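Q: coords below, sequence missing:
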């Protein structure tokens, strides 16, 4: 008998990361167009702190996943859908690491050290260099739009399973203990 | 041979010590500062400043310094930051183009450490400052290094919406590094 749900730890990590991404993505878009002001400096810091927290949670989540296999997909799921799900999840995990890392790199290159919560200075990943910083800004943006597309695919697939296929697969990500199939 | 070398070194050190340093070496000088924004140390510098210094390591009592910094030459990390810092809420460079330090005393603290006292004038506000610094010989010249902590509030630098020290900290560390050649004889 196998668990048909993700473990509660995996569910909590999924929801935390999802919530933080949903909050900090539009914040990033909004703040980058602002004129320089104290508010802008605050928002940039909040955005960076959130990104670092997402990076840490994503690492935790990958470690947890390595030790706790996710529940199996339905046996009758078409091969194409299985491959699609695996590819999307692989890319999502990659971007959960790459997006914050590119932001951290960009911040270092532009000469702004990341100081987590205003108290914990993180090491600069690369030396300050304006040109590199601008390239990394483009990379950060590009990775974010890729993440946006993948999140839409991911949510779209979840809704498709829930409301069209009605295979109950969404319940794998619901919190619950002890229920087995 | 070794004795000769030692004698030569003593003579050359004695020469450096006996010299009076008055000629600023612009390519060996810099005025930089570190502000803290949301706890993040951010570097900046001024590209234009002039110094009139008489530094006699043996005679602190006759040594004196006057340093003028052209505030419009500020580099605060980005064009937008430069413009902000030059604006009326910050330096107000149109009304107050220059920040000035004028010494009124110098004492030797032992070794290569010294302490100047004087007045720092920014935005028409003048306050006394105590400036510890080191003077280290480099070849025939002398290099002065020190830090002046500047309170933004005291000098009304970054008022209005920018006053909140939890966003931009009140204290800005201004570091001067000045190379001086000996006076022409």
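A: All right, it came through fine. If you're wondering where the values come from, they're calculated on a predicted model, not measured in any experiment. Residues are numbered from 1 along each chain as shown, chains lettered A, B, ... in the order given.

Q: for the rest of this, base every contact and every neighbour count on C-alpha atoms.
A: OK.

Q: up against chain A, what does chain B have?
A: Counting by C-alpha under 8 Å from any C-alpha of the partner chain, the residues of chain B close to chain A are B:37-43, B:77, B:80-81, B:84, B:161-162, B:167-168.

Q: ok, now with 7 Å
A: By the criterion of C-alpha under 7 Å from any C-alpha of the partner chain, the positions of chain B lying close to chain A are B:38-40, B:42, B:80, B:161-162, B:167.

Q: now the two most distant members of those residues.
A: Using C-alpha to C-alpha, the pair of the residues of chain B next to chain A lying farthest apart is B:39 and B:80, separated by 20.2 Å.

Q: who has more neighbours, the two?
A: residue B:39 (21 against 11; other C-alpha atoms under 10 Å in any protein chain shown).

Q: which ones are touching that one?
A: Each residue near residue B:39 by C-alpha atoms under 7 Å, 6 or more residues apart in numbering or on different chains is listed here: A:115, A:118-119.

Q: contact partners for the residue in chain A that chain B sits nearest to?
A: As assessed by C-alpha to the nearest C-alpha, chain B sits closest to residue A:118 within chain A, at 4.6 Å. Residue A:118 is in contact with B:38-40, counting by C-alpha under 7 Å, 6+ apart.

Q: do the same with residue A:169
A: Contact partners of residue A:169, counting by C-alpha under 7 Å, 6+ apart, are A:161-162.

Q: rerun that using 10 Å as the cut-off
A: By C-alpha atoms under 10 Å, 6 or more residues apart in numbering or on different chains, residue A:169 lies in contact with A:4-5, A:73-74, A:158-159, A:161-162.

Q: so which residues of the chain form helices?
A: All of this refers to chain A. Secondary structure of chain A, counting by DSSP state H: helices at A:8-32, A:38-67, A:79-109, A:130-159.

Q: my question was about chain B
A: Along chain B, the stretches classed as helices by DSSP H are B:2-18, B:79-86.

Q: any idea which of those has the lowest pLDDT on average?
A: Of all the helices of chain B, the minimum mean pLDDT falls on helix B:2-18 (a mean of 51).

Q: quick one: low-confidence parts of chain B?
A: The model of chain B has pLDDT under 70 over residues B:1-18, B:185.

Q: go with 80
A: Low-confidence segments of chain B, defined by pLDDT under 80: B:1-18, B:184-185.

Q: pick out the residue of it closest to chain A.
A: Checking chain B residue by residue against chain A with C-alpha to the nearest C-alpha singles out residue B:39 as nearest, at 4.6 Å.

Q: phi, psi for that residue please.
A: In this entry, residue B:39 is assigned phi and psi values of phi 80, psi 0 (degrees, to the nearest 10).

Q: ok, it to residue B:161 distance?
A: According to C-alpha to C-alpha, to the nearest Å, residue B:39 and residue B:161 sit 18 Å apart.

Q: likewise for residue B:168?
A: The gap separating residue B:168 from residue B:161 is 11 Å, by C-alpha to C-alpha.

Q: more neighbours, the two?
A: The residue with more neighbours, out of residue B:168 and residue B:161 and counting by other C-alpha under 10 Å, is residue B:168; that gives 22 against 10.

Q: beta partners of that one?
A: residue B:37 (DSSP bridges).

Q: ok, it - contacts?
A: Neighbour list for residue B:168: A:38, A:41-42, B:35-41, B:152, B:158, B:162 [criterion: C-alpha under 10 Å, 6+ apart].

Q: just flag the most distant two among these.
A: Put simply, by C-alpha to C-alpha the two of these set farthest apart are A:42 and B:152, 18.8 Å from each other.

Q: thinking again about what came up before, now the contacts of residue A:169 in TSV, with pLDDT?
A: Compiled in TSV, the contacts of residue A:169 are given as follows (pLDDT from 0 to 100):
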residue	pLDDT
A:4	77
A:5	85
A:73	84
A:74	81
A:158	91
A:159	92
A:161	88
A:162	87
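
Q: next, count neighbours for residue 89.
A: Here I'm looking at chain A. By the criterion of other C-alpha under 10 Å, residue A:89 has 15 neighbours.

Q: to clarify, I was referring to chain B.
A: Close neighbours of residue B:89, defined as other C-alpha under 10 Å, add up to 16.

Q: quick check, it in contact with residue B:156.
A: Yes: because the distance of 7.8 Å satisfies C-alpha atoms under 10 Å, residue B:89 is recorded as touching residue B:156.

Q: list residues touching both of these two?
A: Here residue B:89 and residue B:156 have residue B:163 as joint contacts, going by C-alpha under 10 Å, 6+ apart.

Q: residue contacts, the residue positioned nearest the centre of chain A?
A: Of all residues in chain A, the one closest to the mean position by C-alpha atoms, centre = their mean is residue A:96, 3.5 Å from it. For residue A:96, the contact set (C-alpha under 10 Å, 6+ apart) comprises A:17-18, A:21, A:51, A:54-59, A:143-144, A:147.

Q: now neighbour count, pLDDT and distance to chain B too, for those, in CSV please.
A: Supplementary listing: those in CSV, determined by neighbours: other C-alpha atoms under 10 Å in any protein chain shown; pLDDT from 0 to 100; distance: C-alpha to the nearest C-alpha, whole Å:
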residue, neighbour count, pLDDT, distance to chain B
A:17, 22, 97, 24
A:18, 14, 96, 26
A:21, 19, 97, 22
A:51, 25, 97, 16
A:54, 24, 97, 20
A:55, 20, 97, 20
A:56, 15, 97, 20
A:57, 18, 97, 23
A:58, 21, 97, 25
A:59, 15, 97, 25
A:143, 19, 97, 24
A:144, 21, 97, 24
A:147, 22, 97, 28
